[in-house]
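Peer 1: Got a sequence here, can you build the structure:
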Amino acid sequence: MEGTSSDTKEIERIAQQLGLDITVLRNEKRKRILIDYLTAVEQTFPAAWADTKRQHYALLLPTGLQIMISLLPDIMQRCDFYEGFTYNRTTFSKQLEPLVSLALLGDWAKSAVEDSISVRPRREMFFEQLKEALKVKPPSS
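Peer 2: Take a look at the predicted model:
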């Protein structure tokens, strides 16, 4: 959802005045964030996303999706730091960029990641390496 946190607070204030259920608004915001994030993942890794039969890429395997969804808090933290707490397709796409150049990810090609996601200990190590690549790095003085 585009906008700032002050926009969200204003919407919530108006909704309360109108007697609308704030929980519904919050759920809608969560749903919008998830949809925007997954759309950004699709735009960042288009070939992997298009491989719906999962023949050449591992992104749409349950493990691949689980990893990408588990990275959402890290991507949101980058949005907080670099994008002023703005969560939308554009900001998510920008903050996914560090993953594009990772050789270990290999654009989610099965040949690149299959071994890394095949068993739990390797999957956990792979996930931690992705998190490390996404870690917010404050500017050096």
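
Peer 1: Against which helices or strands is the one helix or strand residue 128 maps to packed?
Peer 2: Assessed by DSSP states H and E, residue 128 sits inside helix 120-134. For helix 120-134, the packing partners by 3 or more C-beta pairs under 8 Å, 6 or more residues apart in numbering; DSSP states H and E come out as helix 62-70, helix 72-83, helix 89-100, helix 110-117. In this view, the C-beta of every residue, glycine as well, is placed from N, C-alpha and C.

Peer 1: Out of these, indicate the one that is most buried.
Peer 2: helix 89-100 (a mean of 18; mean count of other C-beta atoms under 10 Å).

Peer 1: hang on, the earlier thing: which residues are in contact with the helix holding residue 128?
Peer 2: 63, 67, 70-71, 74-75, 77-78, 95, 98-99, 102, 104-105, 113, 115-117 (C-beta atoms under 8 Å, 6 or more residues apart in numbering).

Peer 1: go again using 7 Å as the cut-off
Peer 2: Helix 120-134 has contacts (C-beta atoms under 7 Å, 6 or more residues apart in numbering) with 63, 67, 70-71, 74-75, 78, 98-99, 102, 104, 115-117.
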